[in-house]
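> give me a 3D structure for the following:
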Amino acid sequence: MKFILLFGPQASGKMTVGHELEKITPLKLFHNHMTIDLITPFFDHGTPSFNRLVKLFRQEMFEEAAKSEMYGLIFTYVWAFNEPSDWDFVNRTVAQFEKHGAEVYFVELETELNTRLVRNRTEHRLQHKPTKRDVAWSDKELKTSADMYRLNSNEGEITRHNYMKINNTKLAAEETAQLIKTKFQL
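Predicted structure coming up:
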């Protein structure tokens, strides 16, 4: 089992790159909005019920995938490096896969803010992420998050052996996916 944690700021292309990686490898994509958009019709984002259910669904999916015969899973995540709870989530998730012998890969996307604002409105993103369809709200949330959180790692902060950081501001999703596939021989 291979577990790819594909992380970066909102609209950096994580889901789109994940879809492209899914096309050229046996990996399966579990993007973070699959749980978010499942729960938001019932419980508002950030409420205790929302948080509990999102956490529960993700943990259960991770456990089943880690124990399975599946080739591998890609999970997308917006990691706020200045938030200890995000570090805890990443560490727990990695441990969940590693206890079953999974190979874990960290792939970080770094994308300029103006490019992210354009990508925030793409048809592909809006099709797969219903909560982003209010683009005025989504643009504002993207900018606010960029001010509040550090959404990319500092040099040397990620010390894992299987790690790569890609500035994909000027790269197509297909190119980025190919870089990942090649680097990790997926």
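> what about F57, how many residues nearby?
15 (other C-beta atoms under 10 Å). (C-beta placed from N, C-alpha, C; glycine too.)
> where does the prediction get shaky in this structure?
122, 125-130, 132-133 (pLDDT under 70).
> could you find the closest non-adjacent residue to V135?
Using C-beta to C-beta, 6 or more residues apart in numbering and skipping the chain neighbours, the partner closest in space to V135 is R121 (5.3 Å).
> nearest residue to the middle of the chain?
The centre of the chain sits closest to T76, judged by C-alpha atoms, centre = their mean, with a distance of 1.5 Å.
> got a list of what that residue touches?
With contact set as C-beta atoms under 8 Å, 6 or more residues apart in numbering, T76 has these partners: L6, F7, K14, M15, G18, L29, F30, H31, N32.
> what helix or strand is it on?
strand 72-77 (DSSP states H and E).
> ok, now W79?
Judged by DSSP H and E, W79 forms part of no helix or strand.
> and the closest residue in space to it that isn't next to it in sequence, how many residues sit next to it?
Nearest residue to W79 in three dimensions, chain neighbours excluded: F7, at 4.5 Å (C-beta to C-beta, 6+ apart). Residues near F7, counting by other C-beta under 10 Å, number 24.
> now swap in I24 and tell me
13.
> just H31 next, same as before
There are 20 residues near H31, going by other C-beta under 10 Å.
> in the helix ranked longest in the chain, which residues are buried?
The residue-count maximum for a helix in the chain (DSSP state H) belongs to helix 48-67. Neighbour counts over helix 48-67 (16 or more other C-beta atoms under 10 Å) mark F50, L53, V54, R58, F62, A65, A66 as buried.
> residues contacting the last one?
The neighbours of A66, taking C-beta under 8 Å, 6+ apart as the test, are M1, F3, Q96, F97, K99, H100, A102.
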